[in-house]
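*Asks:* Test case, fold it:
(chains A and B)
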2 protein chains.
Amino acid sequence: MNKAWLDEIHWTDDGLVPVIAQQTGTDRVVMFAWMNRESLALSNASGYAVYWSRSRQKLWRKGEESGNSQKIISISVDCDADVILLEIEQEGGVACHTGRESCFYRTLDNGIWKENSPVLKDPAEMYQK
Amino acid sequence: MNKAWLDEIHWTDDGLVPVIAQQTGTDRVVMFAWMNRESLALSNASGYAVYWSRSRQKLWRKGEESGNSQKIISISVDCDADVILLEIEQEGGVACHTGRESCFYRTLDNGIWKENSPVLKDPAEMYQK
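*Replies:* Got it, this is the predicted structure:
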């Protein structure tokens, strides 16, 4: 398979690229994470988002624990070829480990971060085996 | 002024935080950049996006050269408090230095990055003094 499109990415010194995930339809930005070359190739091949966990230093198939996988609708790249934008269909409507639709659930309001959206799913339920 | 909200941000070792800019109304993701503490404080105080240019190592008032400033509608933060999402009103409708609405103007199509949106403004005009 032709991997020229992967060669066009400008990876960080650590071999990573930042990734923004946006929900198709509503266009809500739900998550920000990182990918390495392998995870971006796997994401494209499988049709589901696979990130690189910097804290665990391993591939992270989004939803592998929570069940909240992300089906990929499209993969875009920015002008400098160093940021990826994913249009995704969020399984279960919950991208955040707190049980919210989006990780960006706090908005600045007069100097205070205020919650802008509710918990849809109990994290304890999401992460039970 | 109370700066506790800035203390809640988890900055990188370089004192930066990644920032996603999203156009209000259309919800198109138009840009990705970085801020340091000073630029985030300035952004909030002025109501216009001020980034930190890593290549030039200085504050970058978006639009200072191109005229394409970004009026801030809201500032959100993610669950880990290490990514910022800006809802902005893009002056001139052009966020990208290539003259396009969004920096994310290429989408993967059968292994090739294909342009998904047109040039709206001639960069030569945008950057003339």
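*Asks:* Measure how buried the residue in chain A positioned nearest to chain B is and give me the count.
*Replies:* Here the residue of chain A nearest chain B is A:Asp27; by C-beta to the nearest C-beta that distance is 3.7 Å. No exception for glycine: its C-beta is placed from N, CA and C like everyone else's. For A:Asp27, the count of nearby residues is 14 (other C-beta atoms under 10 Å in any protein chain shown).
*Asks:* helix or strand for the closest residue to it other than its chain neighbours, which one?
*Replies:* Nearest non-adjacent residue to A:Asp27, counting by C-beta to C-beta, 6 or more residues apart in numbering or on different chains: B:Asp27, 3.7 Å away. B:Asp27 is part of no helix or strand when elements are defined by DSSP states H and E.
*Asks:* Return the residues in contact with the residue of chain A closest to chain B.
*Replies:* Neighbour list for A:Asp27: B:Thr26, B:Asp27, B:Arg28 [criterion: C-beta atoms under 8 Å, 6 or more residues apart in numbering or on different chains].
*Asks:* So which of these is the closest to chain A?
*Replies:* The closest of the contacts of A:Asp27, once distances to chain A are taken by C-beta to the nearest C-beta, is B:Asp27, at 3.7 Å.
*Asks:* any idea of the pLDDT on the closest one?
*Replies:* pLDDT, B:Asp27: 97.
*Asks:* With A:Lys129 instead?
*Replies:* So, for A:Lys129, pLDDT stands at 56.
*Asks:* What of A:Met126?
*Replies:* 88.
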